[in-house]
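Student: need coordinates for the below:
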Amino acid sequence: MTDSEKKEKNDFKSKYAARLPAGSWRRRIVHFAVYPLIALLILFFFFDDIVMPLVTRHGSEFELPDIIGYQKEDAVELLKMVDLGLEVTSEEYHPDKPPGTVLSQYPKSGIMVKSGRIIKVVTSIGQKFVKVPQLAGFSVRQAKLNIEAANLILGDVAWTFSDSLPERVVVFSYPATGTEIPLGSPVNLMVNRGRLSGIVFMPNLLGRQLEEAVTILDELGLRVGLVKHVRDENYLPETVMEQSVEEATELEVGEEIDLIVSTTE
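Tutor: I've put the predicted structure just below:
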């Protein structure tokens, strides 16, 4: 190429280079500088908000909370807050805790655990109910054994009179036979003390004349025992001042009653 041709070519480049828009270089600067900066910012937030929490939490330990006494649903929510799970391994009867209450947990509270751990629990299914067994007609001893065999306990034992049952056997129970009651509840017994026709209750004879007192005792099938006279001018003669058995005491027909009566001599 001759010198004149080279000069012409250079003049051509200079002429058209001056016509290039000034903003085209700015756009190139934006492409090569700003966009990479935006990409770096996105990567920073992704790393800080998502990657770092996973990395820093992975392998760390924290104290296991106590969930005993919580309802199962509440315990599940509490464990979720610390990224733990719950598994019910068994259910048990409990006299005081309503169904669904957590009775025990494994591991125990306070143990250091990692996230993702499954906490195993035992929950309540409430009270267990059992039927009162047949008790009428049994001796008190056998009735007590029947009550204990049903996982119940013997309550109060009261006495009554019956001409249709042998002495010292159960007349009826309360609650009655067949009634469903909570496990461990007491069962009360009414026991026959003997034939009603052979039992009487001591009357109050104080202040009565001896002749009247003897008549009352005779009508009840009781006998007058020792009669002791004591001088006391505060009473009319032959007035009963003391009796050997207190009023309302249960007695068998034919028993003797001693009396102290007044005299003025």
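Student: most centrally placed residue in this structure?
Tutor: Nearest to the mean C-alpha position of the chain, by C-alpha atoms, centre = their mean, lies residue 96 at 0.8 Å.
Student: that one: what secondary structure?
Tutor: On the three-state scheme (DSSP: H, G, I helix; E, B strand; the rest coil), residue 96 is labelled coil.
Student: who are the contact partners of it?
Tutor: If a contact means C-beta atoms under 8 Å, 6 or more residues apart in numbering, then residue 96 has no contacts. All C-beta spots, glycine's among them, are computed from the backbone N, C-alpha and C.
Student: how about a cut-off of 10 Å?
Tutor: Residues in contact with residue 96, defined by C-beta atoms under 10 Å, 6 or more residues apart in numbering, are 124, 126, 127.
Student: take those residues and keep only those in strands.
Tutor: Members of these lying in strands (criterion: DSSP state E): residue 124.
Student: of the contacts of residue 96 - the most surrounded one?
Tutor: Counting neighbours by other C-beta atoms under 10 Å, residue 124 leads the contacts of residue 96 with 20 neighbours.
Student: just checking, that one touches residue 70?
Tutor: No: with the criterion set as C-beta atoms under 10 Å, residue 124 and residue 70 do not qualify as a contacting pair; they are 11.3 Å apart.
Student: so what's in contact with those two at the same time?
Tutor: With C-beta under 10 Å, 6+ apart applied, the overlap between the contact sets of residue 124 and residue 70 consists of 100, 101, 102.
Student: who's the last one bridged to?
Tutor: Beta-bridge pairing of residue 102 under DSSP bridges involves residue 123.
Student: kindly report the same for the one 10 residues further on.
Tutor: Note on residue 112: beta-bridge partners by DSSP bridges are residue 63.
Student: tell me the contacts of it?
Tutor: If a contact means C-beta under 10 Å, 6+ apart, then residue 112 has 60, 61, 62, 63, 64 as its contacts.
Student: now residue 144
Tutor: Contacts of residue 144 (C-beta under 10 Å, 6+ apart): 135, 138, 153, 154, 157, 170, 187, 189.
Student: do you know how far the fourth one is from residue 127?
Tutor: Looking back up the chat, that one is residue 154. Note on residue 154: its distance to residue 127, by C-beta to C-beta, to the nearest Å, is 20 Å.
Student: over to the second one?
Tutor: In this structure, residue 138 and residue 127 are separated by 27 Å, where distance is defined by C-beta to C-beta.
Student: residue 141 against residue 189, yeah?
Tutor: No: with contact defined as C-beta under 10 Å, residue 141 and residue 189 do not form a contacting pair (11.2 Å).
Student: neighbour-wise, which of those two wins?
Tutor: Higher neighbour count among residue 141 and residue 189: residue 189, with 22 against 9, using other C-beta under 10 Å.
Student: thinking that one is in contact with residue 176, fair?
Tutor: No: between residue 189 and residue 176 there is no contact under C-beta under 10 Å: 11.6 Å.
Student: of the contacts of residue 144, closest to residue 106?
Tutor: For residue 106, the closest of the contacts of residue 144 turns out to be residue 153, at 32.2 Å, with distances computed as C-beta to C-beta.
Student: so what's the residue count around that closest one?
Tutor: Other residues within reach of residue 153, judged by other C-beta under 10 Å, total 12.
Student: show me where this structure has helices.
Tutor: Assigned by DSSP state H, the chain shows helices spanning 3-17, 23-46, 52-57, 72-80, 140-149, 210-219.
Student: which of the ones you listed has the lowest average pLDDT?
Tutor: Within the helices of the chain, confidence is poorest for helix 52-57, with a mean of 47 (mean pLDDT).
Student: low-confidence stretches in this structure?
Tutor: Applying pLDDT under 70 to the chain flags residues 1-37, 39-59.
Student: how is it partitioned into domains?
Tutor: Using automatic domain parsing, the domain parsing of the chain gives 26-57, 61-124, 129-194, 199-263.
Student: pick the one among the shared contacts of residue 124 and residue 70 closest to residue 86.
Tutor: Comparing the shared contacts of residue 124 and residue 70 against residue 86 with C-beta to C-beta picks out residue 102 as the nearest, at 8.8 Å.
Student: contacting residues for that closest one?
Tutor: Taking C-beta under 10 Å, 6+ apart as the definition, contacts of residue 102 comprise 66-72, 74-75, 86, 88, 119, 121-124.
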